[in-house]
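Visitor: This is a predicted model, with the sequence first.
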Amino acid sequence: MRPGIRAADTRQAHSDVRPSALSCVSVRENGRVTSPHGPAPDDSPLPASPRLIATDLDGTLLHDDKYVSERTIAALAAAEEAGIEVFFVTGRPARWMDVVSEHVHGHGLAICANGAAVVDLHAGGKLLQVRPLERETALAVVQALRDAAPGTTFAVEQSTGIHYEPAYPPFHQDPGATIATAEKLLQVPEQVQGQQAEDGAAAPVLKLLAHHPDLTPDGFLAVARTAVGDRAIITRSSPSALLEVSGPGVSKASTLALCCAQRGISSDEVVAFGDMPNDLEMLTWAGTSYAMGNAHPDVLAAASGRTVTNNEDGVAIVIEQIVARRLADGH
């Protein structure tokens, strides 16, 4: 029986313990987000002996209806049976991972919130590692974007849930959400007292969300990166002008690199899949990468290979080929 969609999964505007001591393999951050065209479909060879598959979810592994197809479920299980670890690497918070929690095998881990959190799906999304956006940094980003793009509204994604400004685009409210200005939501912990502290207002900030009602998605991203500079990592995964802001050096790629280092897996042994700008660093870090047929032009240009769309099970098709080759080689 397929897992159902949670109410939060239907929101178009959105894509969620301890710091790691490991140094991170260098990855490119805040990469380009526009390009005149993508390459022709690529016939690059399959990787020789991959040890880990890293895949985005929305627009990549999941169909547009937010389900995992039966073919993909079978392919994920076949990869694990063949000794290839699978990591889900997503902009989603842990509380939106029910749709895939039954399909992560072995280790049970997933990378959420664009690299800000590593969670154990076998333990109900328990946070194992957090790479937070410091509140002072988030407040500086808010001010910079208010100045550079008037009309921007914000939401704050914490480890305990999401909170947002009154003018932020409406969506199905998460339980316990607070509605207030970003400046109030981002008060430093020592300023949060009483009931607010009990409700988790002092919990780590995983990412800041910024929405603009008029700018184009890539146009807003370019304006924001210019205004903020290297104070934070800014990317996007939504079809609307919604930006996702993480702490300096925090991305899908850098957290995946940490997880791989802990397992003795090199980037050359990783196959990655993605479709949007928040996947770019991961795709360029992995030894082999595939852009979905429905991917953003920059993703098509950055990946070493291309597969068909998410609705055509593009990830499953490549995994099936990898597993078949592995079995043919006697592994």
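Guide: Sure thing, it's come through.
Visitor: what's the distance between the residue nearest to Gly314 when sequence neighbours are not counted and Arg95?
Guide: Once flanking residues are discounted, Gly314 sits nearest to Thr307: 3.7 Å by Cβ to Cβ, 6 or more residues apart in numbering. C-beta here means a position set from N, CA and C on the backbone, and glycine is covered the same way. Thr307 is 29 Å from Arg95, where distance means Cβ to Cβ, to the nearest Å.
Visitor: neighbour-wise, which of the two wins?
Guide: A count of neighbours by other Cβ atoms under 10 Å puts Thr307 above the other of Thr307 and Arg95, at 24 against 19.
Visitor: Starting from the helix or strand containing Ala210, tell me which strands it pairs with and how they run.
Guide: Assigned by DSSP states H and E, Ala210 falls within strand 205-211. Partners of strand 205-211 in the sheet, by DSSP bridges, are strand 153-158 (antiparallel), strand 242-246 (antiparallel).
Visitor: What values do phi and psi take at the residue nearest to Gly314?
Guide: Torsion angles at Thr307 (phi, psi; degrees, to the nearest 10) stand at phi -120, psi -180.
Visitor: Correct me if wrong: it contacts Ile317.
Guide: Yes - between Thr307 and Ile317 a contact is recorded at 6.0 Å, counting by Cβ atoms under 8 Å.
Visitor: show me the contacts for Ala302.
Guide: 31, 280, 283-284, 289, 291 (Cβ atoms under 8 Å, 6 or more residues apart in numbering).
Visitor: separation between it and Arg131?
Guide: Taking Cβ to Cβ, one finds Ala302 at 23 Å from Arg131.
Visitor: same check, this time on Glu244
Guide: Look at Glu244 and Arg131: by Cβ to Cβ, they are 14 Å apart.
Visitor: Flag every buried residue along stretch 100-111.
Guide: 100-101, 103-104, 109-111 (16 or more other Cβ atoms under 10 Å).
Visitor: farthest pair in those?
Guide: By the measure Cβ to Cβ, His103 and Ile111 form the most distant pair in the buried residues of stretch 100-111, at 15.3 Å.
Visitor: How far off centre is stretch 243-259?
Guide: 9 Å (Cα atoms, centre = their mean, to the nearest Å).
Visitor: What is the end-to-end distance of it?
Guide: Counting by Cα to Cα, to the nearest Å, you get 25 Å between the two ends of stretch 243-259.
Visitor: pLDDT on it, on average?
Guide: Averaging pLDDT along stretch 243-259 gives 98.
Visitor: Give me the buried positions along that stretch.
Guide: For stretch 243-259, by 16+ other Cβ under 10 Å, it's 243-247, 250-259.
Visitor: Now flag whichever of the residues you listed is closest to Asp230.
Guide: Nearest to Asp230, judged by Cβ to Cβ, of the buried residues of stretch 243-259 is Gly247 at 11.4 Å.
Visitor: surely that closest one meets Ile234?
Guide: No - counting by Cβ under 8 Å, Gly247 stays clear of Ile234, with 11.1 Å between them.
Visitor: and the buried residues of stretch 100-111 as CSV, adding secondary structure and distance to Thr90?
Guide: Formatted as CSV, these follow (DSSP: H, G, I helix; E, B strand; the rest coil; distance: Cβ to Cβ, whole Å):
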residue, secondary structure, distance to Thr90
Val100, helix, 9
Ser101, helix, 12
His103, coil, 13
Val104, coil, 12
Leu109, strand, 12
Ala110, strand, 7
Ile111, strand, 7
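Visitor: just those: which has the poorest pLDDT?
Guide: Within those, Val104 has the lowest pLDDT, namely 82.
Visitor: Now that residue, what are its backbone angles?
Guide: Note on Val104: backbone dihedrals following degrees, to the nearest 10 are phi -100, psi 130.
Visitor: so how many other residues sit close to Leu327?
Guide: For Leu327, the neighbour count with other Cβ under 10 Å is 12.
Visitor: buried residues in the helix or strand hosting it?
Guide: Using DSSP H and E, Leu327 sits within helix 314-328. Judged by neighbour count using 16+ other Cβ under 10 Å, the buried positions of helix 314-328 are 314-320, 322-323, 325-326.
Visitor: Can you report phi and psi for Cys112?
Guide: When quoted as degrees, to the nearest 10, the phi and psi of Cys112 stand at phi -120, psi 170.
Visitor: Distance check, it against Leu327.
Guide: Distance from Cys112 to Leu327, counting by Cβ to Cβ: 32 Å.
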